[in-house]
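*Asks:* model this:
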Amino acid sequence: MPPQFASFQDGRVLAAFNLHLDRSWGYEKVDGDPVTTTGLQERLTAAGLPDPERDHRDVHRVALGVVEEFFGLSLPREVIVSGSLPAVLLEPV
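*Replies:* The predicted structure is shown next:
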């Protein structure tokens, strides 16, 4: 299974896609909220994605960079490189 990205807000999907950016696992494009997906898809396209000729690791790196910029996210480099990241799932009460 390829790496996937999904962003949710108030119980709805803002954006979801696999980082291969192909049909291999159901996501041919970014799915979710039309306003969010349009903006994110435009930035992915501007970054040259999808590109079936590109190495998957490079595609992942570029896609995550686009996601980071688009959603205003940042992850600590040291933890990514040498540690493990915590995962949090927030569910409505």
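
*Asks:* show me what the strand or helix carrying residue 59 is packed against.
*Replies:* Following DSSP states H and E, one finds residue 59 within helix 56-71. Packing contacts for helix 56-71, counted by 3 or more CB pairs under 8 Å, 6 or more residues apart in numbering; DSSP states H and E, involve strand 4-9, helix 34-46. For the C-beta atoms, the positions are set from N, CA and C on the backbone; glycine is no exception.

*Asks:* for residue 12, grab the count of nearby residues.
*Replies:* Residues near residue 12, counting by other CB atoms under 10 Å, number 9.

*Asks:* and residue 30, how far from residue 21?
*Replies:* Using CB to CB, to the nearest Å, residue 30 is found at 9 Å from residue 21.

*Asks:* give the full set of residues in contact with residue 42.
*Replies:* By CB atoms under 8 Å, 6 or more residues apart in numbering, the contact list for residue 42 is empty.

*Asks:* ok, now with 10 Å
*Replies:* Contacts here follow CB atoms under 10 Å, 6 or more residues apart in numbering; on that basis residue 42 touches 30, 66, 70.

*Asks:* cool, and residue 61?
*Replies:* 19, 54-55.
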